[in-house]
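Asker: Sequence unavailable; structure follows:
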């Protein structure tokens, strides 16, 4: 893993996402506990939810974004992805108002609520956007020319943008 000067973990969850995550984590507990009283179908649902939650943590929720001279490396516990710096045409912080102006109406396709929002964001103006966010502030928009833009929430978003040569 890269050193702390160029590694930006996923930002801490907002209060709303944290509350939603806690509520969602109660679901499998409730299903497993109720299976002791009412039978196996609830146990199966609870175990399926646990498996889905583990999959989200390991394959959907990035742990950090690493800025190198050649790329942004996105690290998940079980995978890595490189965004070549040559493909990045712009990077900037956006707030909710600027994001709405940039994208128009939008709908999430993927995980939403469990540790954040991860996957695709279908947008009216920009089509599909890669989205890996854990809060609704501290948003960073990465423009990629003809490729899909990315919307992320790294910790220290201003420093992340500066590291990529953007305007924080």
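Answerer: That came through, no problem. Predicted model, so just to flag it, every value in this text is computed and none were measured.
Asker: From the centroid of this protein, which residue is nearest?
Answerer: Centrality entry for the chain: nearest residue to the mean C-alpha point is residue 132, 2.1 Å, by C-alpha atoms, centre = their mean.
Asker: What helices and strands are in contact with the helix or strand harbouring it?
Answerer: Secondary-structure assignment from DSSP states H and E places residue 132 in strand 127-133. With contacts defined as 3 or more C-beta pairs under 8 Å, 6 or more residues apart in numbering; DSSP states H and E, the packing partners of strand 127-133 are strand 106-112, strand 117-123, strand 150-152. In short, each C-beta sits where N, CA and C put it, glycine included.
Asker: Just the angle for it relative to strand 106-112, thanks.
Answerer: Angle of strand 127-133 versus strand 106-112, following axes from the mean of the first three to the mean of the last three C-alpha atoms, to 10 degrees, is 40 degrees.
Asker: what sits up against strand 127-133?
Answerer: 10, 61-62, 74, 103, 106, 108-110, 116-123, 139, 148-153 (C-beta atoms under 8 Å, 6 or more residues apart in numbering).
Asker: How about stretch 92-105?
Answerer: Residues outside stretch 92-105 that contact it (C-beta under 8 Å, 6+ apart): 121, 123-126, 129, 136-141, 151, 157-158, 161, 166-168.
Asker: mean confidence score for it?
Answerer: Average pLDDT, stretch 92-105: 94.
Asker: and if you look at stretch 123-143?
Answerer: Averaged across stretch 123-143, the pLDDT comes to 95.
Asker: And it, what's buried?
Answerer: Across stretch 123-143, burial judged by 16 or more other C-beta atoms under 10 Å covers 123, 126, 129-135, 138-143.
Asker: Give the buried residues for the helix ranked longest in the chain.
Answerer: Longest helix in the chain by number of residues, with DSSP state H as the criterion: helix 15-38. For helix 15-38, burial by neighbour count (16+ other C-beta under 10 Å) applies to 17, 20-21, 28, 31-32, 35.
Asker: Out of those, which one has the lowest pLDDT?
Answerer: Ranked by pLDDT, these bottom out at residue 35, which scores 82.
Asker: That one and residue 41, how far apart?
Answerer: Per C-beta to C-beta, to the nearest Å, residue 35 is found 8 Å from residue 41.
Asker: Okay then, goodbye and thanks.
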